[in-house]
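In: Need the 3D shape of this:
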Amino acid sequence: MSVFSAPPRSSAATEVPFSPARLAETVRRVAARPESWRALARFTSPERWYHRLHRAEGYEVWLLTWLPGQGTEIHDHGGSAGAFTVVEGTLSEETFPGARRLPVGGLRSFGPRHVHRVSNRGTEPALSVHAYGPALASQNYYRLGADGALLLDRTDTIDD
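Out: Residues are numbered from 1 along each chain as shown. From the prediction side, this is the model:
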């Protein structure tokens, strides 16, 4: 099986085609083959660098780099489930409420309603592999209200 082929389907009739567990399996498999993606990585400033490694029917895989201090806005994935793993450095993920630190090998998978903010709060660059299913079509961005509630700011479409 190619590093970019979809994980095998189970025989369960109720399985979600790209469930968080299957997407986690995908990022683990891609991360385990750095020869297929490491030479592509670029660390840029002020904007973070990202590159789609693979897109197939129903899912896609991305490589993202993070210099110290870089991060995302609060966002969701427009109805897509996802997973990401850290392959270099350390990332922090904030959920609302909650937070976690993800060192090398740290993996996070999530369903289609997950809202978070990811950042590199460390002193070293970080690199991560992400998978989304279905492929991203849009992302919603939020801000925190005075009462701590998430308020929708905007929706961006994802260009192919």
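
In: Enumerate every residue touching the most centrally placed residue in the chain.
Out: The residue lying closest to the centre of the chain (C-alpha atoms, centre = their mean) is residue 130, at 3.9 Å. Residue 130 makes contacts with 27, 61, 62, 63, 64, 82, 83, 84, as judged by C-beta atoms under 8 Å, 6 or more residues apart in numbering. (Each C-beta comes from the backbone N, C-alpha and C, glycine too.)

In: Show the low-confidence segments of the chain, by residue range.
Out: Along the chain, segments meeting pLDDT under 70 span 1-16, 160.

In: Mind jotting down where the helices sit in the chain?
Out: Using DSSP state H, the helices of the chain run over residues 20-31.

In: quick one: the strands in this protein?
Out: 50-56, 59-66, 74-75, 81-88, 91-95, 99-102, 107-110, 116-119, 126-133, 138-144, 150-157 (DSSP state E).

In: starting at the chain centroid, how far to stretch 134-144?
Out: For stretch 134-144, the distance between its averaged C-alpha position and the chain's averaged C-alpha position is 12 Å (C-alpha atoms, centre = their mean, to the nearest Å).

In: how long is stretch 27-40 end to end?
Out: The first and last residues of stretch 27-40 sit 16 Å apart, counting by C-alpha to C-alpha, to the nearest Å.

In: Can you mark which positions in it are buried?
Out: Using 16 or more other C-beta atoms under 10 Å as the burial criterion, the residues of stretch 27-40 that qualify are 27, 28, 29, 30, 31, 36, 37.

In: Can you lay out these as CSV showing distance to residue 123?
Out: As requested, those are arranged in CSV below (distance: C-beta to C-beta, whole Å):
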residue, distance to residue 123
27, 25
28, 27
29, 30
30, 26
31, 22
36, 28
37, 24
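
In: out of these, which one sits closest to residue 153?
Out: Among the buried residues of stretch 27-40, residue 27 lies closest to residue 153 (C-beta to C-beta), at 27.7 Å.

In: Please look at that closest one and residue 62 and confirm they touch.
Out: No. Between residue 27 and residue 62 there is no contact under C-beta atoms under 8 Å: 9.6 Å.

In: Need the overlap of contacts for the two.
Out: 129, 130, 131.

In: Next, the contact list for the first one, please.
Out: Under the criterion of C-beta under 8 Å, 6+ apart, the neighbours of residue 129 are 27, 30, 31, 37, 53, 61, 62, 63, 64, 84, 85, 87.

In: ok, now the last one?
Out: In this structure, residue 131 makes contact with 18, 23, 26, 27, 30, 59, 60, 61, 62, 82, 83, 84, judged by C-beta under 8 Å, 6+ apart.
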